[in-house]
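> The sequence and its predicted three-dimensional model are supplied below.
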Amino acid sequence: MDRKQILEEVNEIFIDTLDDDEIVIKEGSSADDIEDWDSLTHIQLVVATEKAFSIRFTSKEIQSWQNVGEMINCIISK
Amino acid sequence: MKEIKSFSKLKKNIKKDFSGFSKVKLAILGDSATQFLNQAFKGQGYDDKLDLDIWESEFNQIDRQILDPNSDLYSYAPDIIVIFKSSHKLLSKYNKSTVLSRSEFSNDVLENISDLLSNINSRLNSKIILFNFNEIDDSILGGLANQVESSFLYQLRKLNYELMLLSSRESNLFLCDLSSIQNLLGKSNFFQPSIYINTEMVLSLDALPHIAKRTIQIISSLNGRQKKCLILDLDNTMWGGVIGDDGIENIQIGGLGIGKAFTEFQYWVKKLSKRGIILAVCSKNTESIAKTPFENHPEMVIRLEDIAVFVANWENKADNIRTIQSILNIGFDSMVFLDDNPFERNMVRTNLSEVCVPELPEDPADYLEYIYGLNLFETSNYSYEDNKRTKQYQTEAKRVAVKKRFANEDEFLSSLDMVSEIEPFNTFNTPRVSQLSQRSNQFNLRTIRYSEADIKSISESTTHESFTFTLKDKFGENGLICVIILETKSDEDLFIDTWFMSCRVLKRGMENFVLNQIVTFAKKYNFKNVIGEYIKTPKNELVINHYSDLGFKKNGDKWFLDVKSYQNKKTFIKINNNG
């Protein structure tokens, strides 16, 4: 799966988890850009992403991402 | 049947329309982060038609909120308080305790919990749901932890046991069994360490819907929504095979084929019946053939005497369940229907949406585990009396069957050979009178509740006259089913202070019979008026026209009956004078 496909899939996860069809994420999107992406929904996003890609993030990784791009780096590294 | 939903689905429920649902004020007190739990409760409430108004205390404020009389908890005054003390916090407390004190660890925690409960009880009438402790084995002693009293595992398990004892004593305390939910899901699904380390949340997102479901089930049952009746299909549900085709010697139950699955299922059904769940059969079969395994198969666990209503015919099951409902006179929403056939399940689901119809798994071997997981029969009370119910409903089923044969009501009533015994309050009937007084809601004109002590003082009062009525007919005893208390207001006026009756004996002409007795008494002591009163409650709509139906005339908010002109009403009930 290439970066673009991963981004698309992560976008779907954002749409479903935050219950907002309008969300379009980019590599540079951060919690500041997306309404409803807060510390609480972050946990939901983490768990939904883990399920979708059948991976587990470490507790350090969960905290580390500044934006969507870094999250995707992390998914690719798995 | 709704399966367990994902947390994100539950969360989506929160935006839906809750109007028309029962409102419940709920407080959540936790020593870990509970925001997700809050959302899961709210969302699960939607699926169970509960509009939860939730107040959540700030993180780790259990003691402060409960011990401070001026806290937000007390000003919120919830109907229900959920207290969630987590095993992780328990463990960290244990870790910090001195080695010598560890054998007493669970006692100290229990003392704290008891103290919290008594503080709540002194200020609120709330029901309390306490989560028990899911197990954590810190593996300091390996398997030996089981026999070393000071080990964490030992103390945690002891605490769970002590909580069971505590909740059996405290009538407003209910346990949400977190420990068994962790058993069901496995610890690795129940708890996600990476999330815990980041957030102080000790429940995984996958565990939340299970916990919410269990908690809401407790709340629903406290709100009077309990399943009362289990309706069973027969072929391939109660036994393997088709009785009409295979015959009694070839159906699978007990030793034959996969009979073990059905035997164990039947034991489960039997236990339900013993705890007061009414059993009914609804089967497409010829009745006489359908009954043969119950009568003659040596390995059947369930017998005909366990079944209150047995319906086997070739009509559609939705109609048959309507018949069962009319005989038992309980709500469709208190019924569970188990059938292996997807067509029948859909049929019932489509026509009777309130009946709970679980999707039974295809393989009968999976029936029990699946049903255990659903926890269909949550309840908030239990008494040994419950298991007498089947007999009473069987009798009622016979009456209904006989009634169908009579062209008119009078003929039917007179065929019942009804006899009533009338007695004043005495030491023998006082407990039953008091119990009925607490429980009668529908046929209760003034809904004044009397304790045993009240009943005793009424029986000694010179201005009060009491009557109790039993009713027996050719099908069986109904026991003490009606209570009247008359109060002398003046030389002329006799006031009906209390008139309540068990709904079991509706439509038997009992009202006429009772009024005849009241007026007979009034005549004997030269009263001019018998005066009645109806006090409206949310539950006694049934008797709103009671006094006008009986010929009383309204004056102000009271009802008057002229004693002199009263003609005895027609009744088919005879008085038993012999006692």
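Thanks, I have it. A quick note: this is a predicted structure, and the numbers were derived from the prediction, not measured.
> tell me which parts of chain A are close to chain B?
A:16-17, A:19, A:39-40, A:43-44, A:46-48, A:56-59, A:62-63 (CB under 8 Å from any CB of the partner chain). For the C-beta atoms, the positions are set from N, CA and C on the backbone; glycine is no exception.
> can you list the residues of chain B near chain A?
Where chain B comes near chain A, counting by CB under 8 Å from any CB, the residues are B:7-8, B:11-12, B:15, B:35-36, B:192-195, B:197-199, B:201, B:204-205.
> And the nearest residue to residue B:536 once chain neighbours are set aside, how far from residue B:36?
Leaving aside its sequence neighbours, residue B:536 sits nearest to residue B:544 (CB to CB, 6 or more residues apart in numbering or on different chains; 7.3 Å). Residue B:544 sits 47 Å away from residue B:36 when distances are taken as CB to CB, to the nearest Å.
> The two: which is more packed in?
Legend: neighbour count by other CB atoms under 10 Å in any protein chain shown for residue B:544 and residue B:36, higher for residue B:36 (23 against 12).
> shouldn't the more buried one be in contact with residue B:10?
No - using CB atoms under 8 Å, residue B:36 is not in contact with residue B:10; the gap is 9.7 Å.
> which residues do the two both contact?
Taking CB atoms under 8 Å, 6 or more residues apart in numbering or on different chains as the contact rule, residue B:36 and residue B:10 both touch residue B:208.
> By mean pLDDT, which helix or strand of the chain comes out lowest?
I'll assume chain A. Taking mean pLDDT, DSSP states H and E as the measure, the helix or strand of chain A with the lowest value is helix A:59-64, at a mean of 90.
> I was after chain B.
Result, chain B / mean pLDDT, DSSP H and E: helix B:389-403, a mean of 75.
> Output the contacting helices and strands for that one.
strand B:278-284, strand B:307-313, helix B:317-328, helix B:409-415, strand B:476-488 (3 or more CB pairs under 8 Å, 6 or more residues apart in numbering or on different chains; DSSP states H and E).
> Tabulate these in JSON lines, adding columns for mean neighbour count, distance to residue B:164 and mean pLDDT.
Putting the helices and strands packed on helix B:389-403 into JSON lines (neighbours: other CB atoms under 10 Å in any protein chain shown; distance: least, CB to CB, whole Å; pLDDT from 0 to 100) gives the following:
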{"stretch": "strand B:278-284", "mean neighbour count": "24", "distance to residue B:164": "27", "mean pLDDT": "95"}
{"stretch": "strand B:307-313", "mean neighbour count": "21", "distance to residue B:164": "31", "mean pLDDT": "94"}
{"stretch": "helix B:317-328", "mean neighbour count": "20", "distance to residue B:164": "32", "mean pLDDT": "92"}
{"stretch": "helix B:409-415", "mean neighbour count": "14", "distance to residue B:164": "50", "mean pLDDT": "83"}
{"stretch": "strand B:476-488", "mean neighbour count": "20", "distance to residue B:164": "34", "mean pLDDT": "90"}
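> of all of chain A, which residue lies closest to chain B?
Going by CB to the nearest CB, chain B is nearest to residue A:59 of chain A, at 4.0 Å.
> Any idea how many residues pack against that residue?
Per other CB under 10 Å, the neighbour tally for residue A:59 reads 15.
> Does it touch residue B:194 like I think?
Yes - using CB under 8 Å, residue A:59 makes contact with residue B:194 at a distance of 4.0 Å.
> related to what we said a few turns ago, I would like the residues contacting the least confident helix or strand of chain B, please.
B:273, B:276, B:278-279, B:305-309, B:326-329, B:412, B:415-416, B:473, B:475-476, B:478, B:504.
> What of stretch B:539-553?
By CB under 8 Å, 6+ apart, stretch B:539-553 touches B:441-445, B:447, B:499, B:503, B:511-512, B:515, B:530, B:532, B:534, B:536, B:554, B:559-561, B:566, B:569.
> Sitting in strands, which of those do you find?
Counted as lying in strands by DSSP state E, out of those, are B:499, B:530, B:532, B:554, B:559-561.
> sorry, back to before: which among the contacts of stretch B:539-553 end up buried?
Buried by 16 or more other CB atoms under 10 Å in any protein chain shown: B:442-445, B:447, B:499, B:511-512, B:515, B:530, B:532, B:534, B:559-561, B:566, out of the contacts of stretch B:539-553.
> Relative to chain A, which residue of the stretch 351-500 of chain B is the closest?
residue B:373 (21.0 Å).
> residues in contact with that residue?
Per CB under 8 Å, 6+ apart, neighbours of residue B:373: residue B:184.
> Please identify the helix or strand for it.
helix B:367-374 (DSSP states H and E).
> average pLDDT for that helix?
The average pLDDT within helix B:367-374 is 92.
> and residue B:476, what is it in contact with?
B:391-392, B:395.
> ditto for residue A:25
Residue A:25 makes contacts with A:7, A:10-11, A:14, A:34, A:68, as judged by CB under 8 Å, 6+ apart.
> Just to be sure, residue B:469 is in a helix?
No - with DSSP: H, G, I helix; E, B strand; the rest coil as the criterion, residue B:469 is assigned strand and is not in a helix.
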